[in-house]
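**Student:** here is a sequence together with a model predicted from it:
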Amino acid sequence: MNRFGTFVMPFLTLFLTGRGHSPSSVAWVLSANGIGQLLSSVLGGYWSDRIGRRRIIVLGTLGNAAGVFAMYFMHELWAIAGMMLLAGFASGFYMPASSALLADIVPQEMRLRAYAGQRLAINAGFACGASAAGFLITISTFALFAGDAITTALFGIIAWRFLPRGHKVGESEASWSQAWQYIRRDRSFWGLFWATILSSFVFQQFNSTFGLEIKQRDLTLAIGSWNFTPEQVFGLILGWNGVMVACFELPLTRWTQRFDSRRVILIGYLLIGFGFALNALPGGTRLFFAGMTLFTIGEMLSQPMRNAYIAQIAPLHLRGRYMGALAMAGTAAAALGPHISLRVHAWSPTVLWLGCAVLGILSAVALLFGGKETPPS
């Protein structure tokens, strides 16, 4: 239900440029989301260890809903960026708690499938929601923001009523200085950390340049008597990503769990990069669907395995902070990525999309040079 209502972020670039804001101005708004997440991910990881996962999830989801809803009523760019900073801070606050809670309640041997099951729910909602948002933006932009806020708030209410508290530690065990002493020596964590930063720059194109590329190419699609506009094509391609994950990720993880975790993640990051690199080729809507298919296979290989991997290497009393530290890697890309990607796209879209392949290769190299997985002590 929450992910069905994820309407705003994928379409925010189209919404703001439609209001007359330049792509360079939009980059500041998108970066505000990443900066908010960057500031809060470490705090969220700490407090989820300190007071339990459920309270952090509730606070984060309700704060995110308020920020997104208020954003619609802002017209000055600084005010929109301020609400985006609040929404990003709130979402970054609860994400480590969500990942840590799943690791708390699921035995180690079942975690990979559990994370895949969670992603099935996420992407089943996102597949339908992204397609619906492509139609909503041509009818009512208010519905985008209201629907996003309502579904996120409902998630917070459900979390308060039905989720368990999750593991929490005493104040002496919650120290970040203690956690840092452990994390800084963990080579397996740092290999995954740098690989996540690099691959997240590719993922970040979802919210910045991907929809802009489809709009600029004026890609349309005709199916029978239905004629889809570029905005609707964008929603359909995002929906295709969600449908693939919902249908195929669980069977795929049952097969990949027999292989070395790092190698599966490595192959996934390569496919993610090369999937978006296909956008550099001349072509129409079919090319973009093909690129999204390759990208999604890489996503299905890497993302559930990455979550299970970090849960495995993190000691129980540091699990929330490990999740928060890894979340910083993704949010760093969200903070810096829009300024880089939108400028590069304006200069040369081909360079941007080929750069995604380079980032995929560098992600694989970072994993190779990281240490091997070791059980936590």
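**Tutor:** Cool, the structure landed.
**Student:** how about the contacts made by Glu48?
**Tutor:** Residue 48: Ser, not Glu. 56, 96-97, 100-101, 166, 168, 320, 323-324 (C-beta atoms under 8 Å, 6 or more residues apart in numbering). (C-beta placed from N, C-alpha, C; glycine too.)
**Student:** same thing but at 7 Å, please
**Tutor:** 56, 96-97, 100, 320 (C-beta atoms under 7 Å, 6 or more residues apart in numbering).
**Student:** so where is the stretch 201-350 of the chain shaky, pLDDT-wise?
**Tutor:** Within the stretch 201-350 of the chain, no range satisfies pLDDT under 70.
**Student:** can you map out the helices along it?
**Tutor:** Counting by DSSP state H, counting those that start in this stretch, the stretch 201-350 of the chain has helices at residues 210-217, 230-256, 261-277, 285-313, 319-347, 349-369.
**Student:** list the buried residues for the fifth one?
**Tutor:** The one in question is helix 319-347. If you call a residue buried by 16 or more other C-beta atoms under 10 Å, then helix 319-347 has these buried ones: 319-342, 344-345.
**Student:** ditto for the first one
**Tutor:** Residues 210-215, 217 are the ones in helix 210-217 that count as buried (16+ other C-beta under 10 Å).
**Student:** point out the other helices and strands that it packs with.
**Tutor:** Here helix 210-217 touches helix 8-18, helix 230-256, going by 3 or more C-beta pairs under 7 Å, 6 or more residues apart in numbering; DSSP states H and E.
**Student:** rerun that using 8 Å as the cut-off
**Tutor:** Packed against helix 210-217 by the contact rule (3 or more C-beta pairs under 8 Å, 6 or more residues apart in numbering; DSSP states H and E) you find helix 8-18, helix 230-256, helix 319-347.
**Student:** same question, the fifth one
**Tutor:** Here helix 319-347 is seen to pack against helix 23-51, helix 77-105, helix 176-183, helix 187-203, helix 210-217, helix 285-313, helix 349-369 when contacts are counted using 3+ C-beta pairs under 8 Å, 6+ apart.
**Student:** let's see 7 Å
**Tutor:** By 3+ C-beta pairs under 7 Å, 6+ apart, helix 319-347 packs against helix 23-51, helix 77-105, helix 176-183, helix 187-203, helix 285-313, helix 349-369.
**Student:** buried ones in the second one?
**Tutor:** For helix 77-105, a neighbour-count test (16+ other C-beta under 10 Å) marks 77, 80-104 as buried.
**Student:** on that earlier part again, a markdown table for the helices and strands packed on helix 210-217, including distance to Gln181?
**Tutor:** As requested, these are exported to a markdown table (distance: least, C-beta to C-beta, whole Å):
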| stretch | distance to Gln181 |
| --- | --- |
| helix 8-18 | 36 |
| helix 230-256 | 33 |
| helix 319-347 | 12 |
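**Student:** Throw the helices of the stretch 201-350 of the chain into JSON lines and include distance to Met1, thanks.
**Tutor:** JSON lines is the format used below for the helices of the stretch 201-350 of the chain (distance: least, C-beta to C-beta, whole Å):
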{"stretch": "helix 210-217", "distance to Met1": "24"}
{"stretch": "helix 230-256", "distance to Met1": "14"}
{"stretch": "helix 261-277", "distance to Met1": "27"}
{"stretch": "helix 285-313", "distance to Met1": "21"}
{"stretch": "helix 319-347", "distance to Met1": "23"}
{"stretch": "helix 349-369", "distance to Met1": "31"}
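**Student:** quick one, which of the ones you listed is nearest to Leu62?
**Tutor:** Nearest to Leu62 among the helices of the stretch 201-350 of the chain is helix 319-347 (19.1 Å), distances taken as C-beta to C-beta.
**Student:** now the angle between helix 285-313 and the closest one, please.
**Tutor:** Angle of helix 319-347 versus helix 285-313, following axes from the mean of the first three to the mean of the last three C-alpha atoms, to 10 degrees, is 160 degrees.
**Student:** quick check: angle from helix 319-347 to helix 23-51?
**Tutor:** Going by the same axes, to 10 degrees, helix 319-347 makes 180 degrees with helix 23-51.
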